[in-house]
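Student: make a model of this:
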Amino acid sequence: MAMKRGLSGAGIHRNKGGGSRFPLAIIILFAVLVPLVFFVGRGLHPTDLDDLATDPGKQNVDWRERLALQHFKSLFTKEVIDVITASTSDMGPLSLDTFKKNNLSISWKVVGTDTSVVDTSEPSQAAAVVGKETPKGNKENSSDDHAQLIGKPADLVRRQLREKRRIKRASELIQQDDEAIVKLENTAIERSKSVDSAVLGKYSIWRKENENENSDSTVRLMRDQMIMARVYLTIAKMKNKVDLYQKLQARLKESQRALGEAATDADLHHSAPERMKAMGQVLSKAREQLYDCNLVTGKLRAMLQSADEHVRSLKKQSTFLSQLAAKTIPNAIHCLSMRLTIEYYLLPPEKRKFPRRENLENPNLYHYALFSDNVLAASVVVNSTVTNAKDSSKHVFHLVTDKLNFGAMNMWFLLNPPGKATIHVENVDEFKWLNSSYCPVLRQLESAAMKEYYFKAGHPTTLSSGAANLKYRNPKYLSMLNHLRFYLPQVYPKLNKILFLDDDIVVQKDLTGLWSVDLHGKVNGAVETCGESFHRFDKYLNFTNPHIARNFDPNACGWAYGMNVFDLKEWKKKDITGIYHKWQNMNEDRVLWKLGTLPPGLITFYGLTHPLEKSWHVLGLGYNPSVDRTEIENAAVIHYNGNMKPWLDLAMTRYRSYWTKYIRYDHPYLRTCNLSE
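Tutor: Down below sits the predicted model:
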């Protein structure tokens with residue numbers, strides 16, 4: 001029994017011991033396998049465990065690097081990997097900041113960056129500096145890094161070398177950038193010298209000869225000082241600063257006297273620099289005592305508005321004076337007309353007749369209609385036409401003038417016959433059929449309203465007022481010579497076709513080809529004047545009026561009076577004169593158009609005008625300074641329409657020679673009247 005109990009007790013002890021070893025083995029197994037599975041899952045091979053064991057300092061870093069490197073190629077391109085490899089080969093751990101700093105473009109320039117170089121001879125001091133710059137929020141990491149830097153002087157040396165290379169590279173990039181800018185500027189300067197200054201203007205900021213920054217700087221500075229002095233004068237008066245007000249006023253008067261009419265520094269009075277200095281001192285005091293942003297801004301704005309109004313007033317005066325000058329006849333031409341008139345009426349009646357009167361009604365010849373009260377202008381039209389005609393004997397000129405200039409016009413062409421061409425002069429006042437009962441314009445001119453419009457003593461006559469309507473108070477609108485163009489069949493009943501010419505044109509080519517132009521059943525052959533958005537019907541007619549809006553297209557193209565071919569047969573068939581009378585009667589109160597002959601002409605010949613080639617007639621020489629010279633020279637007729645007529649002093653000199661070439665300034669009558677080129 002005792003033996004059994006012993007055996008059984010031993011068995012019990014064995015069972016208990018075996019039971020306790022199995023859980024312990026499982027615990028040991030898990031303790032070994034879990035780290036192994038963890039590191040294998042993280043990508044760390046068992047062979048790396050030796051490295052971890054041998055170098056405990058790398059346990060927190062190297063396994064992360066290996067894990068990142070496994071997936072590196074899938075995240076970046078080959079170029080980036082090459083840069084990173086080159087960066088990490090000698091510069092320590094990789095960082096985004098390192099990548100950026102080593103791959104700067106030439107357009108980058110680091111400004112205001114304090115990059116200090118740590119002396120390699122004192123590693124302990126360098127480590128201390130680095131330790132001080134460590135953020136305060138992470139004390140444990142900073143202490144570890146500090147210990148690591150102190151313990152690894154090789155890393156510190158690499159950092160110092162890297163910093164030196166970075167500074168050197170930055171200076172090289174800045175130098176390359178400056179050299180590139182200088183090269184570009186020099187290239188631009190050389191390129192600008194080859195550009196035509198007539199097209200782009202005479203001044204170019206790239207040209208070295210225009211780099212004088214001090215050109216007339218004194219004049220400009222004095223003008224600026226005077227402007228600010230006026231500003232502070234107003235503020236000083238407002239704030240009752242009497243002493244400062246008096247000083248500013250005194251300095252302003254001195255500067256005005258010193259500046260005078262000078263436009264350049266060379267024209268300034270010798271006292272100008274002293275005055276400018278004294279003004280600067282007073283302005284400095286005024287700024288200290290009076291400167292208020294709102295007050296100064298408001299005063300400058302008021303001064304700007306006042307200057308703008310002054311400029312607008314000067315423009316009105318200029319318009320008034322130009323209109324006034326356009327209405328006048330120069331003294332020399334008036335003298336010429338008076339002397340010729342006296343000579344004409346001293347002639348016996350038998351010597352007052354022109355030859356070849358049988359050509360006046362011959363429909364097979366080339367007939368011209370010219371209505372003018374300017375002897376010199378009419379002579380240029382006839383002379384230029386005859387000079388450029390292939391056969392002058394086939395050309396017939398029908399001149400109509402007023403009573404005042406009838407003798408002068410006859411006498412001039414009697415003394416200066418136009419070669420073999422035929423000429424005839426008539427007096428418009430002798431057309432008995434042209435009376436107020438037949439002609440609406442004459443009837444309107446006799447009305448009380450029109451007389452008040454033209455002759456009322458109280459209407460504005462000053463330079464600054466009345467300029468807007470001065471154009472339409474021109475005496476030519478009162479003369480029937482201007483409206484006679486609507487009565488051509490009545491003036492020349494036996495002609496089939498006639499070429500109408502204004503007295504402010506010059507003929508440069510033979511015009512016989514115009515008589516063979518097919519007008520396609522139209523009455524008027526003229527050159528159109530409209531472009532994309534100008535010189536259309538809405539410029540001349542009042543489309544707010546229902547009569548105009550209902551009958552005409554506002555975008556219809558306008559055309560030019562001055563050189564017009566008229567088919568007088570079609571004129572009579574379509575009763576052009578009757579159409580003109582109808583619309584002229586409707587415009588008695590000037591609500592359809594203002595005075596003139598072009599608006600009623602556009603209405604009368606609406607749909608009855610055939611466009612001619614533009615080379616037949618070039619306009620604008622009396623107002624447009626930019627007419628193409630090639631167009632002028634290739635034109636058959638050039639027209640000085642506008643206020644700057646070639647016989648006036650305000651004519652544009654660049655166009656005047658085309659007109660003066662047909663005048664004989666050595667003529668005795670021209671010399672007597674002091675009419676010179």
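
Student: what's around residue 234, how many residues?
Tutor: Here the neighbour count serves as a burial measure; for residue 234 (other Cβ atoms under 10 Å) it reads 18. From N, CA and C alone the C-beta is placed, and that goes for glycine too.

Student: right, and it touches residue 299 too?
Tutor: Yes: with the criterion set as Cβ atoms under 8 Å, residue 234 and residue 299 qualify as a contacting pair; they are 5.5 Å apart.

Student: and what about residue 530, helix, strand or coil?
Tutor: coil (DSSP: H, G, I helix; E, B strand; the rest coil).

Student: any idea how far residue 282 is from it?
Tutor: Here residue 530 is placed at a distance of 59 Å from residue 282 (Cβ to Cβ, to the nearest Å).

Student: what's the answer for residue 323, then?
Tutor: Residue 323 sits 46 Å away from residue 282, going by Cβ to Cβ.

Student: before we move on, what about residue 399?
Tutor: According to Cβ to Cβ, residue 399 stands 71 Å off from residue 282.

Student: same question for residue 568.
Tutor: Shown here: residue 568 relative to residue 282, a distance of 79 Å by Cβ to Cβ.

Student: and the end-to-end length of stretch 510-523?
Tutor: For stretch 510-523, the first and last residues are 22 Å from each other (Cα to Cα, to the nearest Å).

Student: now do it, average pLDDT.
Tutor: Stretch 510-523 comes out with an average pLDDT of 94.

Student: need the contact partners of that stretch.
Tutor: With Cβ atoms under 8 Å, 6 or more residues apart in numbering as the test, stretch 510-523 has contacts from 366, 385, 388-391, 394, 497, 499, 525, 565-567, 570-571, 574, 576, 605, 608-610, 612, 616, 636-637.

Student: so for it, what gets flagged as buried?
Tutor: Residues 510-511, 514, 519, 522-523 are the ones in stretch 510-523 that count as buried (16 or more other Cβ atoms under 10 Å).

Student: next: stretch 547-554.
Tutor: Residues of stretch 547-554 classed as buried under the neighbour-count rule (16+ other Cβ under 10 Å) are 548, 552.

Student: neighbouring contacts of that stretch?
Tutor: Stretch 547-554 is contacted from outside by 536-538, 541-543, 586, 592, 603, 606, using Cβ under 8 Å, 6+ apart.

Student: residue 423: what secondary structure?
Tutor: In the three-state summary, residue 423 is assigned as strand, counting by three-state DSSP.

Student: pLDDT score assigned to residue 281?
Tutor: Each residue has a pLDDT score; the one for residue 281 is 90.

Student: now for the helix or strand where it lies, which elements pack on it?
Tutor: Element membership for residue 281, per DSSP states H and E: helix 272-290. Applying 3 or more Cβ pairs under 8 Å, 6 or more residues apart in numbering; DSSP states H and E, one finds that helix 272-290 contacts helix 217-238, helix 242-259.

Student: how about TSV for the ones you listed, with distance to residue 670 and mean pLDDT added?
Tutor: Putting these into TSV (distance: least, Cβ to Cβ, whole Å; pLDDT from 0 to 100) gives the following:
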stretch	distance to residue 670	mean pLDDT
helix 217-238	45	88
helix 242-259	46	89
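
Student: redo these as CSV? Include distance to residue 170.
Tutor: Below are the helices and strands packed on helix 272-290 laid out as CSV (distance: least, Cβ to Cβ, whole Å):
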stretch, distance to residue 170
helix 217-238, 39
helix 242-259, 51
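
Student: just the helices in the stretch 451-600 of the chain please.
Tutor: Taking DSSP state H, counting those that start in this stretch to define them, one finds helices in the stretch 451-600 of the chain at 467-470, 480-483, 488-491, 537-540, 546-551, 568-574, 576-586, 598-604.

Student: what comes into contact with the fourth one?
Tutor: Translated: helix 537-540. 543, 552-558, 593, 598-599, 602.

Student: for residue 675, state which of these is nearest.
Tutor: Residue 675 has its nearest neighbour among the contacts of helix 537-540 in residue 598, at 30.5 Å by Cβ to Cβ.

Student: residues in contact with that closest one?
Tutor: 540, 558, 561.

Student: ok, the closest residue to the second one other than its chain neighbours - contacts?
Tutor: What sits nearest to residue 558 in space, not counting adjacent residues and going by Cβ to Cβ, 6 or more residues apart in numbering, is residue 535, at 4.5 Å. With contacts defined as Cβ under 8 Å, 6+ apart, residue 535 is in contact with 529, 557-558.
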